[in-house]
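[1] Next one to model:
(chains A and B, ligands or ions: 3)
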Amino acid sequence: MTLPPPAMYPVACEVNGEKRLVRVRAADILLSTLRDQLGLTGSKPGCENGDCGACTILVDGLPVKSCLMLTVEAEGKQLTTIEGLKNSPVQHAFVRYQAFQCGYCTPGFIMNCEGLRNAHPHADEETIRVWLESNICRCTSYEEIQHAVRDVFTPKT
Amino acid sequence: MIPFDFDYYKPSSVPLAAEWFHLLQQQGKHPIYYAGGTEIVTWARTNDIHPGAVIDLKSVPECNVMEMQGDKLVIGSCVTLSALTAANPFPLLSETARGIADQTARNQITLGGNICGNIIYREAVLPLLLANSRIRIAGIEGIREASIHQVFSQKIRLEAGEFLVQIVTDRSDLSLPFVHIKKRQIGSVGYPLVTVAALKKDERIHTAYSGVCSFPFQSAAIDQVLNDTSLPLSARIDQAVGQLPAPLLSNVEGSAAFREFVLKQTMAEAVHTLERR
Ligand SMILES: Cc1cc2nc3c(=O)[nH]c(=O)nc-3n(C[C@H](O)[C@H](O)[C@H](O)COP(=O)(O)OP(=O)(O)OC[C@H]3O[C@@H](n4cnc5c(N)ncnc54)[C@H](O)[C@@H]3O)c2cc1C
Ligand code: FES
Ligand code: FES
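    Ligands and ions are numbered 1, 2, ... in the order given. Next up, the predicted model:
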């Protein structure tokens, strides 16, 4: 039996609805590829350790911390970054409630909230609380963020 | 950035994974199995591990099942903690998984990766120890099955080149009365000060712990004392703490003295709750 040859790895995936092909080292981290190769700097490096959620993107609709994922794992996946959202209700709610101060954590919070909409379109208070625990806001805008997210999940008449 | 290179392999079957591991090892590549990658990426970035190759198990079909096979629940090692919690086939395991890391991280962390990890807490093993789960393990010689108690002592103990494929639990152990209590230094996300998981089976309480010592454990001696109803609960707990298998952990989450205080309270809460069920 022969092993597949190790090399630079071509990775074909869909990023914000467009087919993309990147060539990466196996050790390349998805967050860096998005920012440095694809120019999508909306996903932010914070802790780069899985703790803060600033780098959160959607992978096949689910929130994932892109600082903990290798780019090679994205083969065949659909990735959505903050740049892929256009006028989403979550974005509007964050603006309406001024749910940010410096804004560094905002893309991560918004992508997490988009993932929550995908998984639980009618998320209750407890589910919202549990999901929001994945992100940290250094400026402590938590109250405004909570109001914004709650508004997204409040049925409109 | 990970400051060194490694090769990446994504086998599509159990034998291929084991064979590639074997070949890569013979080539001096120091391969490791890769599941959610949350620990591997973190430790590689900080230069604490240096694998020459990683073998991603997520495309191995057997590692992704979550189903009843006759009277047994079979969970693949690459099932994520969030998928496990959402499907909820084993409530104590779901509750334990829900306490690990945060919701987004649980979309990546796998059951097998948590049990086989080097980070000392490995909380997901507690329900498996209590339910006497069996583990299906693959290696170059094929697949073998062993009791969790044979392969997990403080940490997973696999032969070189082996990997965890599935976890098998009897249906009768899935819905026993249980308690899961995780106490942290602060907040509701993060490593434990003390995690206690407990099941009641045949009128006996079985307990397992993470965060108390530098490894997760279940102890027959502790369970013996905790079930001695001829003693008041506080005396049982004092005796149980005297039976710990190693010194109490003292780290950034809390000192040994604080842990002892929290452990006693948590044990009392767990026993008290289960004695009334
Ligand atoms: C934000 C955050 C918070 C956390 N909080 C907690 C917590 O509260 N409690 C807790 O217990 N843990 C916690 N962790 C640790 C986390 O549990 C580990 O990072 C995780 O369990 C590793 O799982 P993984 O699937 O990502 O494994 P990987 O990183 O892929 O692998 C981890 C190790 O297991 C080995 N391995 C993986 N799968 C297999 C297999 N099937 N067979 C053999 N070996 C295998 C790998 O070779 C590697 O050595 C936290 C992690 C993060 C990022
Ligand atoms: S940068 Fe990824 S979680 Fe902090
Ligand atoms: S608004 Fe500054 S970190 Fe959240």
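
[2] Need the residues that contact the longest helix along chain A.
    Taking DSSP state H as the criterion, chain A has its longest helix at helix A:106-119. The contact list for helix A:106-119 (Cβ atoms under 8 Å, 6 or more residues apart in numbering or on different chains) reads A:42-44, A:46, A:52-58, A:61-63, A:80-82, A:85, A:88-91, A:94, A:99-100, A:123, A:127-128, A:131-132, A:134-135, A:137, A:145, A:149, A:152-153, B:104. Quick note: C-beta positions are derived from backbone N, CA and C, even for glycine.

[3] Give me the nearest residue to whatever residue of chain A ends up closest to ligand 1, chain neighbours excluded.
    In chain A, the residue that lies nearest ligand 1 is residue A:50 (3.1 Å; Cβ to the nearest ligand atom). Closest residue to residue A:50 apart from its sequence neighbours, by Cβ to Cβ, 6 or more residues apart in numbering or on different chains: residue A:68 at 4.8 Å.

[4] if I read this right, the one you found contacts residue B:105, doesn't it?
    Yes. Because the distance of 7.4 Å satisfies Cβ atoms under 8 Å, residue A:68 is recorded as touching residue B:105.

[5] any shared contact partners between those two?
    Shared contacts of residue A:68 and residue B:105, defined by Cβ under 8 Å, 6+ apart, are found at A:50, B:38.

[6] show me the contacts for the closest residue to residue B:160 other than its chain neighbours.
    Leaving aside its sequence neighbours, residue B:160 sits nearest to residue B:25 (Cβ to Cβ, 6+ apart; 7.4 Å). With contacts defined as Cβ under 8 Å, 6+ apart, residue B:25 is in contact with B:31, B:160-161.

[7] Would you mind writing the PyMOL command to select the buried ones in those?
    To isolate the buried subset of these in PyMOL, counting by 16 or more other Cβ atoms under 10 Å in any protein chain shown, use the following:
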select buried, chain B and resi 31+161
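
[8] Among the contacts of residue B:25, find the lowest-pLDDT one for me.
    Ranked by pLDDT, the contacts of residue B:25 bottom out at residue B:160 (94).

[9] now the residue in the stretch 101-250 of chain B positioned nearest to ligand 1: how far from residue A:113?
    In the stretch 101-250 of chain B, the residue that lies nearest ligand 1 is residue B:113 (2.0 Å; Cβ to the nearest ligand atom). As judged by Cβ to Cβ, to the nearest Å, residue B:113 and residue A:113 stand 27 Å apart.

[10] Where does the prediction get shaky in chain A?
    Where chain A drops to pLDDT under 70, the residues are A:1-6.

[11] what about the strands in it?
    Along chain A, the segments classed as strands by DSSP state E run A:9-15, A:18-24, A:56-59, A:62-65, A:78-80.
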